[in-house]
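Colleague: I would like to see how this sequence folds:
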Amino acid sequence: QVELVESGGDLVQPGGSLNLSCAASGSILAVYAMGWYRQAPGKQREFVATITPGGIANSADSVKGRFTISRDNAKNTVYLQMNGLRPEDTAVYYCNAERIMLPGPRYEYNIWGQGTQVTVSS
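Modeller: Numbers count the residues shown, from 1 in each chain. Sure, this is the predicted structure:
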């Protein structure tokens, strides 16, 4: 059983910063691309950023220059450093793993965490 657990969401003032973490747990041999998505009230879930095991990152235009994605492969953990937060960044942030290798080997695909709430408000 593989699980993604996010943490770090909070209430922050505009212009503030937060660092989200997402750790994959279970009998994991490898985690492929990991990413962050967000869903604001009444809106569809949208892409925020992804990163490959080799560190190649991609992010949405709306967060470029403000958010930075990184990962620690030894810890099976991905991070999202968010600076210059705006009220429109308010959303539930979800972690995603494209593919995880387990003993066998066997694979699990498109795994999601439970989400962590980020609220940007004065």
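Colleague: From the contact counts, what lies against the longest strand along the chain?
Modeller: Assignment by DSSP state E gives strand 91-102 as the longest strand of the chain. Identification of packing neighbours for strand 91-102 by 3 or more C-beta pairs under 8 Å, 6 or more residues apart in numbering; DSSP states H and E yields strand 3-7, strand 18-25, strand 30-31, strand 34-39, strand 106-112, strand 116-120. C-beta coordinates here come from the backbone N, C-alpha and C atoms, glycine included.
Colleague: which residue packs closest to the most centrally placed residue in the chain, ignoring adjacent ones?
Modeller: Among the residues of the chain, the one closest to the centroid is W36, at 3.1 Å (C-alpha atoms, centre = their mean). Sequence neighbours aside, V48 is the residue nearest to W36 in space, at 4.2 Å (criterion: C-beta to C-beta, 6 or more residues apart in numbering).
Colleague: what's the helix or strand for that neighbour?
Modeller: Using DSSP states H and E, V48 sits within strand 46-51.
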